[in-house]
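Asker: Quick one: sequence plus predicted model below, questions after.
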Amino acid sequence: MPTIFSPTDFGEAKNELQKDYFDRHTPVIHCDTQVGVGELFKIKIRIGNEYTHPHEADHHISYIQLWNRETLLTETRFYPGILPSQPGNIEVEYTMIMPQVSMNLTALSYCTKHGLWRSQPVVVKAVSH
């Protein structure tokens, strides 16, 4: 089992180098936190807010996964040459139908040089109409 990194495992970033390292690897989930049962809703996952990540053959984000607790919901893979060769931020967007129960979403991203990174969990509450 690989080590899964999260900035919270290291405490608060103490300097600019740590902030850069955490920001360019950690996925962040953006979505509504209350959604009506059966409604479509968008979930955006972004890696890098202030800092960009390389898109090189030997150093790139290989995939982003979205999990609901222990269930893998979806995955997007990135292969060398798919993204521009310039460093950049990666963003994926998924559309889902809200189930009858609340969801506890977590995103994972894998850097080919720096391993597996986990987002902060996001709870999405199912709202009955």
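Answerer: Thanks, I have the structure now. Note that this is a predicted model, so its numbers are computed, not measured.
Asker: Show the contacting residues for residue 124.
Answerer: 31, 32, 33, 34, 35, 41, 98, 102, 103, 104, 105 (Cβ atoms under 8 Å, 6 or more residues apart in numbering). From N, CA and C alone the C-beta is placed, and that goes for glycine too.
Asker: Check residue 4 too.
Answerer: Shown in contact with residue 4 (Cβ under 8 Å, 6+ apart): 108, 115, 116, 117, 118.
Asker: Low-confidence stretches in this protein?
Answerer: 1, 9-11, 13 (pLDDT under 70).
Asker: so where do the helices sit in it?
Answerer: Using DSSP state H, the helices of the chain run over residues 7-10, 16-23.
Asker: hey, which of those is tucked in deepest?
Answerer: helix 16-23 (a mean of 15; mean count of other Cβ atoms under 10 Å).
Asker: how far does that one sit from the chain's center?
Answerer: Distance of helix 16-23 from the chain centroid (Cα atoms, centre = their mean, to the nearest Å) equals 16 Å.
Asker: do stretch 111-126 as well
Answerer: The answer for stretch 111-126 is 5 Å, by Cα atoms, centre = their mean.
Asker: and if you look at stretch 51-60?
Answerer: For stretch 51-60, the distance to the chain centre is 16 Å (Cα atoms, centre = their mean).
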